[in-house]
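Asker: got a predicted structure plus its sequence, pasted below:
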Amino acid sequence: MISKHGLVKLLKGKSKDVQSEVFAWYRIARKTDWGSLADVRSHFPDADLVGELLVFNIRQNRYRLVVLPVFPRGRLYVKALLGHKEYDREAWKTQWP
């Protein structure tokens, strides 16, 4: 389960290309039952687990979608959509588990 409302808030002011790619990610993610990183990578091979957070590349690494997965419950909590420079500062690592 993913909150579409929260995702829409993150996309406000982003380009149509970014929005369409994130919504494509959403359509896949909401229909899946990921139990592990291996399951996630079957759909998104370049996804990474950084601590407890999943990071997806959006727009050919121009953006990173940061998600907190709760695999046993089948839930994904979208935390941030960061540009490359903002992601590289790594401040996001201390904001969530």
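Answerer: Sure thing, it's come through. Numbers count the residues shown, from 1 in each chain.

Asker: and R59, how many neighbours?
Answerer: Applying other Cβ atoms under 10 Å, we find 16 residues neighbouring R59. For glycine as for every other residue, the C-beta is placed from the backbone atoms N, C-alpha and C.

Asker: please report how far it lies from A38.
Answerer: Applying Cβ to Cβ, to the nearest Å, the value for R59 to A38 is 25 Å.

Asker: what does V67 give?
Answerer: Using Cβ to Cβ, V67 is found at 16 Å from A38.

Asker: of these two, which one has the most company?
Answerer: Per other Cβ under 10 Å, whichever of V67 and A38 has more neighbours is V67, with 23 against 8.

Asker: give me every residue that touches the more buried one.
Answerer: With contacts defined as Cβ atoms under 8 Å, 6 or more residues apart in numbering, V67 is in contact with L53, L54, V55, F56, L76, Y77, V78, K79.

Asker: R64 now?
Answerer: V55, F56, N57, I58, A80, L81, L82, H84, Y87.

Asker: how about the helix or strand of the chain with the lowest mean pLDDT: buried residues?
Answerer: Ranked by mean pLDDT, DSSP states H and E, the weakest helix or strand in the chain is helix 84-88, scoring a mean of 80. For helix 84-88, burial by neighbour count (16 or more other Cβ atoms under 10 Å) applies to Y87.

Asker: this completes my enquiry, with thanks.
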